[in-house]
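> sharing a model that was predicted from the sequence below.
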Amino acid sequence: MILGIGTDVVAVNRFSRWGHYTHRQLQKVFSKQEIFDCCNQTATVLKASSYTEQRLAARFAAKEAFYKALNGVMLSLNIMPKQQISFLFVCKQVQVLGDLFGRPIFDINWNPLIDKIGYAMPPVIIHLSLTHEKSVALAFVIISEK
């Protein structure tokens, strides 16, 4: 049974200036591994490229789509979180990685999320689909019962 669905579309050009941010600035939204994966470098300042912008935009969209799907799960299960859960808080707990075949997957630190929600989440399966083109990036997330 589907518990939550989230989707997000992002204009890639929003991330053109992000390509000039330091790793420290980017870590407010992205993990070190995500930054490395998107930029394929370890320099302290990124080199802006359209591909880097597309990859950052897709991961940002994935985090937003997960945030929306998570809210859907809480509605489906009639859970009222004991604390407000902000998008930036979720960004710190969720990272987008690639599996052995290069497919995007989430790596989620559930403990801080569960602490904020105030309830243990049931076992779930999370499906993630990403795409990006020159001007847009899109993410789609489905959270279902295991």
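Good, I have the coordinates.

> this protein: helices as residue ranges?
Counting by DSSP state H, the chain has helices at residues 23-26, 32-39, 50-76, 87-93, 110-117.

> format these as TSV; extra columns: mean neighbour count, distance to Val141 and mean pLDDT.
All C-beta spots, glycine's among them, are computed from the backbone N, C-alpha and C. Shown next, in TSV, are the helices of the chain (neighbours: other C-beta atoms under 10 Å; distance: least, C-beta to C-beta, whole Å; pLDDT from 0 to 100):
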stretch	mean neighbour count	distance to Val141	mean pLDDT
helix 23-26	14	22	86
helix 32-39	18	16	86
helix 50-76	22	4	93
helix 87-93	17	12	96
helix 110-117	14	15	93
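
> in TSV: the ones you listed, plus distance to Arg14.
Below are those laid out as TSV (distance: least, C-beta to C-beta, whole Å):
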stretch	distance to Arg14
helix 23-26	14
helix 32-39	15
helix 50-76	7
helix 87-93	15
helix 110-117	26
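
> of all those, which one is nearest His127?
Each of those has some distance to His127 by C-beta to C-beta; the shortest is helix 50-76, at 9.4 Å.

> helices and strands around that closest one, which ones?
Helix 50-76 makes packing contacts with strand 2-11, helix 32-39, helix 87-93, strand 94-98, strand 104-108, strand 124-132, strand 136-145 when contacts are defined by 3 or more C-beta pairs under 8 Å, 6 or more residues apart in numbering; DSSP states H and E.

> centre-most residue in this structure?
Lys63 (2.1 Å; C-alpha atoms, centre = their mean).

> about what we covered before: wait, which of the helices of the chain is closest to His132?
helix 50-76 (4.1 Å).

> circling back: which ones are touching the residue nearest to the centre of the chain?
For Lys63, the contacting residues are Val29, Phe87, Val90, Cys91, Val94, Val96, by C-beta atoms under 8 Å, 6 or more residues apart in numbering.
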